Structure formats: C-alpha cells, structure tokens
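Enquirer: One predicted model, sequence on top.
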Amino acid sequence: LVGLSDIIDQNRALVDAPAQARRVVNFKRLALTDMKIDLPRLASKKVVTAKFAEADVLAKFASSAWGKKLAKQSSKAAMTDFDRFKAAVTKSKKARTVRKVIGQLKKAAPAAKKAVAKKK
C-alpha cells in the first residue's frame, strides 16, 4: 500500500509509504483504492508517515475485503505441512456433515410430497 508522491511521465509515478523506500513504479503495476490521502508533492518521509497515520489508511485497508483477502492469502502461504493437514481434515469433516444432512433432507422430501398429494 503506497501513496503517489509525484507523477514522472505518462507511464510512471514516484510512490512512497511509511515502511518502504521511495521508488518509481509503472502505472500498469498500480491498482487504485478508494482511500485518498492529500500528500504534498515530494513530501518528506516524516510527512508521509504522519499523513498515513492521520488517515489511518493501513487499518482501513486491512478491514476492507481486499485487505482481508490478501491477509488470508499470506496466512495460507505461511501454513506448515501440519497446518495444511489439519485444514484438510476439518474440511473433510465439514463436507461429511453437510452430505449427511442433505441426504436426510432428500429422504424426507419424497415423504413430504406424498403427504401433500394425499391432502389434495
């Protein structure tokens, strides 16, 4: 998550963030968010950090759907082999429970149809 510090030309921009070095990035590699910070052109690192903290951008992004998706991806990438095994076991148990309930509902459905047909 970075803020635009300056526009170099039609293809590149200078971006900056509190925990990152200022660098040049191609516009094709950037994706805009709804969050906006009023940064002065070529602001110092101190000003950038203050503006990011003032607008609480990182917390807002972390609570957005996009931020949650990225957090989920990073936590999944950091899983150990045993964590993946536990997740697979949990997933299979859940699927088994769902299959069992759906099977019971399917068995109950024909009986309910017959009962409705007899009333008519």
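Expert: Okay, I see it.
Enquirer: from here on, contacts and neighbour counts on C-alpha atoms
Expert: Will do.
Enquirer: Could you look up the SS state of R22?
Expert: Here R22 is recorded as strand under DSSP: H, G, I helix; E, B strand; the rest coil.
Enquirer: any idea how far S74 is from it?
Expert: Using CA to CA, to the nearest Å, R22 is found at 24 Å from S74.
Enquirer: What of R96?
Expert: Taken as CA to CA, the span from R96 to S74 is 28 Å.
Enquirer: Please give me every residue in contact with K68.
Expert: Residues near K68 by CA atoms under 8 Å, 6 or more residues apart in numbering: A62.
Enquirer: phi, psi of S5?
Expert: The phi/psi pair for S5 (degrees, to the nearest 10) reads phi -90, psi -40.
Enquirer: which stretches of this protein aren't confidently modelled?
Expert: 120 (pLDDT under 70).
Enquirer: in it, which residue is closest to the centre?
Expert: Centroid check for the chain by CA atoms, centre = their mean gives K69 as the closest residue, at 1.8 Å.
Enquirer: From D56, how far out is it?
Expert: Distance from K69 to D56, by CA to CA: 19 Å.
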